[in-house]
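# I would like the atomic coordinates for the input below:
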Amino acid sequence: ADGADTTRARSAPTDGEDVKVVLEQTLLTCPEVFVYRIPPMMTSGGHRAEDWNLAKPLETCSLVVMRRDDACLLRLLSEKPKKDGPPGATEPHLFCECQIQLDFGDPTKKLEHWVEAVVDSSRYSVIRISDERTGREAHVGVGFRERSDAVDFKMSFQEYENALRRERKAEAMHDAYERSRHPDGGGGGSDGGSGSGDGAGGSGAPPGGDSLTPPSSAGGPSTLPAVGKLTLKEGEKIHVNLKGVTDKDKDHGSGGGGLRKSTALGLSGRKAPPAGTGALVGKGGLLLKKPPSDRQVVAASPPTQEGETTKPAAG
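Numbering: from 1, shown residues only. Model prediction:
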């Protein structure tokens with residue numbers, strides 16, 4: 001099996017002026033797959049491959065699993081003689097096709113509705129094929145010679161399902177963000193520019209006044225950060241206002257350098273201690289008492305031996 005990921009786009013005609021682009025992505029190709037006519041399921045336990053007469057397959061085909069827009073197509077191709085070709089020349093012909101259209105809101109439209117594993121082997125599965133012209137559906141069995149091909153077959157459907165889930169989640173997040181920006185239901189381009197603020201400011205900030213975090217419909221900050229607005233251009237600066245620091249304190253700190261230096265050390269806006277208290281500002285914003293003088297140290301010294309006296313040192 002070839003699990004190469006091939007993606008191409010094609011334009012689908014529409015009635016309007018816009019052209020819809022349909023993406024086609026090849027998830028898996030396998031040159032040999034056995035197709036079986038299966039009997040009706042006898043019990044509720046599931047299908048069993050041992051009941052299919054595995055020695056006599058209905059057809060030997062090649063397999064292509066591809067994604068087209070939101071649908072996943074499982075195509076079984078058989079060889080037929082090529083028209084107007086040399087003797088022995090063949091060309092691929094569509095034998096049957098399974099169209100998978102997942103709907104995560106409908107429990108009946110899960111992957112098991114179209115592809116079901118058998119209970120007695122990991123190399124065989126049951127698929128639901130359909131005819132686009134008549135709308136009829138039927139079940140056929142498919143089997144692989146190598147177990148690795150069967151694993152790639154199952155992984156291709158898991159890749160399709162996971163990619164579709166990510167796309168649905170991204171669409172829901174985008175819709176929630178657009179509703180938070182315009183809670184009244186109005187579009188972003190009604191004022192002649194998308195996302196522009198009032199005519200006087202022209203700052204382009206969304207309703208709520210915060211240009212970094214868009215507001216939610218409940219009035220609080222949204223959980224979707226505007227990532228593109230969190231970077232600074234060359235030459236731009238950020239000015240931080242510290243709580244409890246006034247303009248007078250800033251001017252005083254610019255002259256002596258005491259307050260500005262202390263806030264740079266992490267004081268987080270604490271005011272400088274009043275003069276005359278003997279308090280010093282240490283590293284990290286801690287307030288330290290002024291160390292005692294020599295006299296105080298002598299006065300606080302422990303008592304000496306009996307009969308000895310200690311005089312304070314001369315100042």
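
# C-alpha from now on. contacts and neighbour counts both.
Will do.

# mean confidence for the top helix by length along the chain?
As assigned by DSSP state H, the longest helix anywhere in the chain is helix 147-181. For helix 147-181, mean pLDDT rounds to 92.

# show me what counts as buried in it.
Using 16 or more other C-alpha atoms under 10 Å as the test for burial, helix 147-181 gives 149-150, 152-153, 156-157, 160-161, 164, 177-181.

# tally of neighbours for the nearest residue to Gly88 once chain neighbours are set aside?
Spatial nearest neighbour of Gly88, excluding adjacent residues (C-alpha to C-alpha, 6 or more residues apart in numbering): Pro81 at 7.0 Å. When neighbours are defined as other C-alpha atoms under 10 Å, Pro81 has 14 of them.

# Pro81 contacts His93, correct?
No - Pro81 is not in contact with His93 according to C-alpha atoms under 8 Å; the separation is 9.5 Å.

# what do those two both touch?
Listed contacts common to Pro81 and His93 are nil; contacts here mean C-alpha atoms under 8 Å, 6 or more residues apart in numbering.

# just the strands in this protein please.
Along the chain, counting by DSSP state E, strands occupy 6-12, 20-37, 59-68, 71-81, 90-100, 115-117, 124-130, 137-143, 279-281, 287-289.

# what residues does the fourth one touch?
Read it as strand 71-81. 59-67, 88-102, 160.

# could you flag which of the residues you listed are buried?
59-67, 96-100, 102, 160.

# of all those, which comes closest to Val240?
Checking the buried ones among the contacts of strand 71-81 against Val240 with C-alpha to C-alpha, the nearest one is Tyr160 at 48.0 Å.

# can you list the low-confidence ranges for the stretch 151-300 of the chain?
By pLDDT under 70, the weakly predicted segments of the stretch 151-300 of the chain are 185-231, 244-300.

# burial measure for Asp84, as a count.
Neighbourhood size, Asp84 [other C-alpha under 10 Å]: 7.

# hmm, back to that, distance of the residue nearest to Gly88 from Lys243?
Remark: distance between Pro81 and Lys243 (C-alpha to C-alpha, to the nearest Å) = 85 Å.

# just Leu23 next, same as before
55 Å.

# and the two? Which one has more around it.
Leu23 (14 against 10).

# thought that one was touching Asp69?
Yes - in terms of C-alpha under 8 Å, Leu23 counts as a neighbour of Asp69; the distance is 5.3 Å.

# tell me the phi and psi of Phe144?
Taking degrees, to the nearest 10, you get phi -120, psi 150 for the backbone angles of Phe144.

# residues in contact with it?
Phe144 touches 32-34, 123-124, 150, counting by C-alpha under 8 Å, 6+ apart.

# ok, of those, which one's closest to Arg48?
Using C-alpha to C-alpha, the contacts of Phe144 come closest to Arg48 at Tyr124, 9.0 Å.

# can you give me the neighbour number for the closest one?
25.

# so how far is Arg68 from the residue nearest to it when sequence neighbours are not counted?
Sequence neighbours aside, Gly143 is the residue nearest to Tyr124 in space, at 4.3 Å (criterion: C-alpha to C-alpha, 6+ apart). Gly143 sits 24 Å away from Arg68, going by C-alpha to C-alpha.

# quick one, which of the two is more surrounded?
Gly143 (23 against 17).

# dig out what that one forms beta bridges with.
Beta bridges link Gly143 to Phe34, Tyr124 when assigned by DSSP bridges.

# now do the contacts for it.
Gly143 neighbours (C-alpha under 8 Å, 6+ apart): 33-35, 123-125, 150.

# please save the CA atoms from stretch 101-118 in CSV.
Output in CSV follows, covering the C-alpha atoms of stretch 101-118 (Å, rounded to 0.1, in the frame of the first residue of the first chain):
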residue,chain,number,x,y,z
GLN,A,101,-19.8,11.6,4.9
LEU,A,102,-19.2,11.9,8.6
ASP,A,103,-21.6,14.0,10.8
PHE,A,104,-20.4,14.4,14.4
GLY,A,105,-23.8,15.7,15.4
ASP,A,106,-25.6,12.6,14.1
PRO,A,107,-24.8,9.3,16.0
THR,A,108,-25.9,7.3,13.0
LYS,A,109,-23.3,8.9,10.7
LYS,A,110,-20.2,7.5,12.4
LEU,A,111,-17.4,5.8,10.5
GLU,A,112,-18.7,2.3,11.5
HIS,A,113,-21.8,3.0,9.4
TRP,A,114,-19.7,2.6,6.2
VAL,A,115,-16.6,0.6,7.3
GLU,A,116,-17.0,-2.3,9.8
ALA,A,117,-14.3,-4.7,10.9
VAL,A,118,-15.0,-8.5,11.1
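
# so for that stretch, what gets flagged as buried?
Buried residues in stretch 101-118 (16+ other C-alpha under 10 Å): 102, 110-111, 114-118.
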